[in-house]
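Colleague: Fold the stuff below for me.
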Amino acid sequence: MSSSPTPSPSRLVPQLLVALLQRRRFDDTLRPCATFRGFCPASIAASLAAIPRLLLPRSAGRLCPQQPFPSPSSSYHRRVVAALTLAFLNWSHSDANPHCVPLTEAPLRAAALSLARAHALPTLFGLLRAHTPLVSTAALTDVIRVLGEEGLPRQALAAFHRARQLRCSPDAQCYNTLIAALCRNGRFQEARFLLDQMERPGARCKPDTYTYTVLISWYCKIGVGTACRKAARRRIYEAGRLFQRMGEKGLEPDVVTYNCYINGLCKTYRVERAHEVFDEMVSKGCTPNRVTYNSFVRYYSAVNEVDKAVEWMRKMVAKGHGVATSSTYTPLIHSLYESGRVGDARQFMIEMAESGHLPREHTYKLVKNAIEEAGEEALPADLCHSIDDGIKERFQHVMRMKPIMRPVTRLSRTNIELVQT
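Modeller: Here you go, the predicted model:
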């Protein structure tokens, strides 16, 4: 293997993959270089964490919270990830490796998360049972979080119920993570049941502000994404009941809670109620930020009341509650373009660029073409050059990151050192 004294996961994992694909056994016939100084728990954990990142696509739960669509090749890649994870974990902590180290909590947690992303659930729970003394509540919480991201809410709930078997005591963070995993996949009834358990007298873990914020946030997110308007209103209504319930329990909403609720109200066109919540927020001494104002800017831009949207943006800057960014300017510019106010859209484009914020490529081309068609004064040449260079640089940065985000389909000989036997 690599002779680097501190092996980098990006160099170590391809070598391990070559050994697996060549059907080499992880035993005493597979030895590192003579100059290799050995592993440490941190390097083993980093290597195990890099395996699913290099071999698997992005989590299905992040692509679509309610209906994950795994790629056709994901089953094969998951089997490879599970096999490589177990093989490397056992070999790095066995006598076959002359530089073996005792198994600790960090490599075990990394291996468990890798198996969770590979959907190797029997193997995952078997590994945790075999090393129960090393399983911590934080590690179990991470496993629940990953299972939720992978679109496996039932398995996340099963992992939570195995806490006593693994000699773990769930804390408030564990409950909050499980509630978020259930809400992410649309299992609101089970999430509310957990909240009711936490609210019972004598419960070991009481709900906090974050618990209610998670529920309100997901009610608003999935409610806004629902095509049925009646269902969306129902979700926002449930979020409002939870928001009121917080006050009854003596918990004060923070700025994140207010932002989630206001954003959901604005996106379901209940702007009067959003104004009431905003006034309540200010009266209670909770300072709004840019996210709060952007919700109103997007709403008024969507309903073609662009002057009110500009008023909210100017109000934010004047009160020092935030700085207008591309997420603030973009809906304004699109609304001005749709209203035929090309000159005003040009002014906001110049203002955004001069303030140091790079517009989206679609927005930039839209305004540029509209200016040419309307016969307005063109954008300054130096400004266009700086925007073009910025968009090109951003594109190149994304293309550099693409190979890390997509599954590995082939291995380059220039980037892989053959495993020494």
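
Colleague: Show me the helices in the stretch 151-300 of the chain, by range?
Modeller: 153-161, 172-184, 188-199, 209-225, 229-248, 255-267, 271-283, 290-302 (DSSP state H, counting those that start in this stretch).

Colleague: out of the ones you listed, nearest to residue 337?
Modeller: helix 290-302 (10.6 Å; CB to CB). Just so you know, the C-beta spots here come from the backbone N, C-alpha and C atoms, and that holds for glycine as well.

Colleague: any idea of the angle that closest one forms with helix 271-283?
Modeller: Helix 290-302 and helix 271-283 are oriented at 160 degrees to each other (axes from the mean of the first three to the mean of the last three CA atoms, to 10 degrees).

Colleague: circling back: output the helices of the stretch 151-300 of the chain in a markdown table; the columns should cover distance to residue 373, mean neighbour count and mean pLDDT.
Modeller: Formatted as a markdown table, these follow (distance: least, CB to CB, whole Å; neighbours: other CB atoms under 10 Å; pLDDT from 0 to 100):
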| stretch | distance to residue 373 | mean neighbour count | mean pLDDT |
| --- | --- | --- | --- |
| helix 153-161 | 50 | 19 | 93 |
| helix 172-184 | 44 | 24 | 93 |
| helix 188-199 | 48 | 16 | 92 |
| helix 209-225 | 34 | 22 | 88 |
| helix 229-248 | 35 | 15 | 88 |
| helix 255-267 | 31 | 23 | 94 |
| helix 271-283 | 33 | 15 | 94 |
| helix 290-302 | 21 | 22 | 94 |
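
Colleague: so which of these comes closest to residue 136?
Modeller: Per CB to CB, nearest to residue 136 of the helices of the stretch 151-300 of the chain: helix 172-184, 10.7 Å.

Colleague: Can I get that closest one in CSV, CA atoms only?
Modeller: What follows is helix 172-184, C-alpha atoms only, in CSV (Å, rounded to 0.1, in the frame of the first residue of the first chain):
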residue,chain,number,x,y,z
ALA,A,172,-32.9,14.8,23.8
GLN,A,173,-30.6,15.0,20.8
CYS,A,174,-31.4,11.3,19.9
TYR,A,175,-35.1,12.0,20.2
ASN,A,176,-34.8,15.1,18.0
THR,A,177,-32.8,13.2,15.4
LEU,A,178,-35.4,10.4,15.2
ILE,A,179,-38.2,13.0,14.9
ALA,A,180,-36.4,14.7,12.1
ALA,A,181,-35.8,11.3,10.3
LEU,A,182,-39.5,10.5,10.6
CYS,A,183,-40.7,13.9,9.4
ARG,A,184,-38.2,13.8,6.5
